[in-house]
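J.: Provided below for reference: sequence and predicted model.
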Amino acid sequence: MEKTNSRIFLLILLGMLTAFGPFVTDMYLPSLPSMANDFGTTSSMVQLGLTTSMIGLAVGQIFFGPLSDKYGRRSPLLIAMWLYVISTILCIISPTIEWFVAFRFIQGIAGAGGIVISRSVATDLYSGKELAKMLAIIGAINGIAPVAAPVIGGCLTDSVGWQGIFCVLLILGFVLLAYCLRFRESLDKAKRLSGGVAATFRNFAIIIRNRRYLFYVLQMGFAQGILFGYIASSPFIIQQHYGFSALTFSICFSINAVAIGIGAASSVKFKKPENCTLTGSIGMFVLAIVEFTALAMDCDFWIYEVLLFVLLFMMGMTFTSSTTLAMDSERRKAGAASALLGAVCFTFGGIVSPLVGLGNILLTTGIIFVLCATCSLWFGWRAMKIVQ
């Protein structure tokens, strides 16, 4: 490669690409009620746009990851950005809710390209401690973005409406496209996978047989289950059960986003990422049990919030270290490895999100926290036992 991008440029680009997917899925959440009125449909039909975008994010990573291993990172990234711009415009001008839901699926696929390729680029250019530092930043953003996006959307909903929010997302798409046009290819042709496209996708079967990689991915997936369980349940717990306003809810959302970010950033303090994953997983397990007990006893709001803050901090610690360990164990097929990691995380989020609404939301949320934390700890511990 004759030219390379500066570290600062890469930090900005990869950080924006990482936040891309969560903003696509979550930023318009506060405007769902007004969208139901605008389209003259039910709230469940409007929420289907959230479901299809998450499906698109999972499917898109499976698609873009292997292609980036074969054709390099830049071309698939540019295709994803153009697809995003077009699909966002179509979302804005959608004549019916059915068309909107369909275009949201395409928008999710496009957003997935940025997420999966951002991790692959970091793996192409860095290793060891440097890779951990780069992924720490990506992990912090990845933890903050799903929580911060609805807060930003809530600030915009009353003034610009849902179409205005999508116009903001469109502007973000154009900014990212401009950055991607300046991006220099990070994967040398000599390192790209050979063979046909079908052979490229068969790499998933090879990657899954890497038990160390698979266990860290599953540890990450169950940790993401805690995150999405929190996102899905907290509006109802804070606003309906505890009776706080939407503004108070947004403030708590922001504070908890900081906890995730600090946790992810603090992971670089550990000499070995394995120790960070294990520490964070144990912390999640203990805090999940305590949080479940508190919710079962209908605790005071501040007990719920403080415990949640620490739980999310522990979860944020594992985001960076587990991503580093998983990606480092599959460097040769980084695109496919990143794709599978992202797809698993969004799949877990899609499964967990509706479950917290079953029965008593306090008890169900606590149970989800404990189950996910227990499984996360088990897979993290099993991964450490495997010698690379």
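T.: That came in fine, so what should we check first?

J.: quick one, helices of the stretch 251-388 of the chain?
T.: 273-296, 301-328, 334-355, 361-384 (DSSP state H, counting those that start in this stretch).

J.: weakest of those in terms of mean pLDDT?
T.: Taking the average pLDDT of each of the helices of the stretch 251-388 of the chain, the minimum falls on helix 334-355, with a mean of 78.

J.: leaving aside the residues adjacent along the chain, what's closest to residue 172?
T.: Nearest residue to residue 172 in three dimensions, chain neighbours excluded: residue 23, at 6.9 Å (Cβ to Cβ, 6 or more residues apart in numbering). All C-beta spots, glycine's among them, are computed from the backbone N, C-alpha and C.

J.: got the contact list for that neighbour?
T.: 145, 149, 169, 172 (Cβ atoms under 8 Å, 6 or more residues apart in numbering).

J.: follow-up on the earlier one: looking at the helices of the stretch 251-388 of the chain, which is closest to residue 112?
T.: Proximity to residue 112, assessed across the helices of the stretch 251-388 of the chain by Cβ to Cβ, is greatest for helix 334-355 (6.8 Å).

J.: buried sites along the closest one?
T.: 334-350, 352-353, 355 (16 or more other Cβ atoms under 10 Å).

J.: if you average pLDDT over the helix or strand where the residue nearest to residue 172 lies, what comes out?
T.: Per DSSP states H and E, residue 23 falls inside helix 7-26. Regarding helix 7-26, the rounded mean pLDDT is 80.

J.: helix or strand next in line after it, which one?
T.: helix 32-39.

J.: packing partners for that following helix?
T.: helix 43-71, helix 128-182 (3 or more Cβ pairs under 8 Å, 6 or more residues apart in numbering; DSSP states H and E).

J.: and the longest one, how far from the chain's centre?
T.: The gap between where helix 128-182 is centred and where its chain is centred comes out at 11 Å by Cα atoms, centre = their mean, to the nearest Å.

J.: same thing with the first one?
T.: For helix 43-71, the distance from its own C-alpha centre to the chain's C-alpha centre is 12 Å (Cα atoms, centre = their mean).

J.: likewise for stretch 67-87?
T.: 19 Å.

J.: quick one: average pLDDT of that stretch?
T.: 89.

J.: can I get it in PDB, CA atoms only?
T.: Presented in PDB, the C-alpha positions along stretch 67-87 are these (Å, rounded to 0.1, in the frame of the first residue of the first chain):
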ATOM      1  CA  LEU A  67     -16.900 -10.100   1.000                       C
ATOM      2  CA  SER A  68     -14.500  -7.700   2.600                       C
ATOM      3  CA  ASP A  69     -12.100 -10.700   3.200                       C
ATOM      4  CA  LYS A  70     -12.200 -11.400  -0.500                       C
ATOM      5  CA  TYR A  71     -12.400  -8.000  -2.200                       C
ATOM      6  CA  GLY A  72     -10.800  -5.700   0.500                       C
ATOM      7  CA  ARG A  73     -12.400  -3.400   2.900                       C
ATOM      8  CA  ARG A  74     -12.800  -0.200   0.900                       C
ATOM      9  CA  SER A  75     -15.100  -1.400  -1.900                       C
ATOM     10  CA  PRO A  76     -17.700  -3.100   0.300                       C
ATOM     11  CA  LEU A  77     -17.600  -0.200   2.600                       C
ATOM     12  CA  LEU A  78     -18.400   2.300  -0.100                       C
ATOM     13  CA  ILE A  79     -21.200   0.000  -1.400                       C
ATOM     14  CA  ALA A  80     -22.700  -0.100   2.100                       C
ATOM     15  CA  MET A  81     -22.600   3.700   2.500                       C
ATOM     16  CA  TRP A  82     -24.300   4.300  -0.900                       C
ATOM     17  CA  LEU A  83     -26.900   1.700   0.000                       C
ATOM     18  CA  TYR A  84     -27.500   3.400   3.300                       C
ATOM     19  CA  VAL A  85     -27.900   6.900   1.700                       C
ATOM     20  CA  ILE A  86     -30.500   5.500  -0.800                       C
ATOM     21  CA  SER A  87     -32.400   3.500   1.700                       C
END
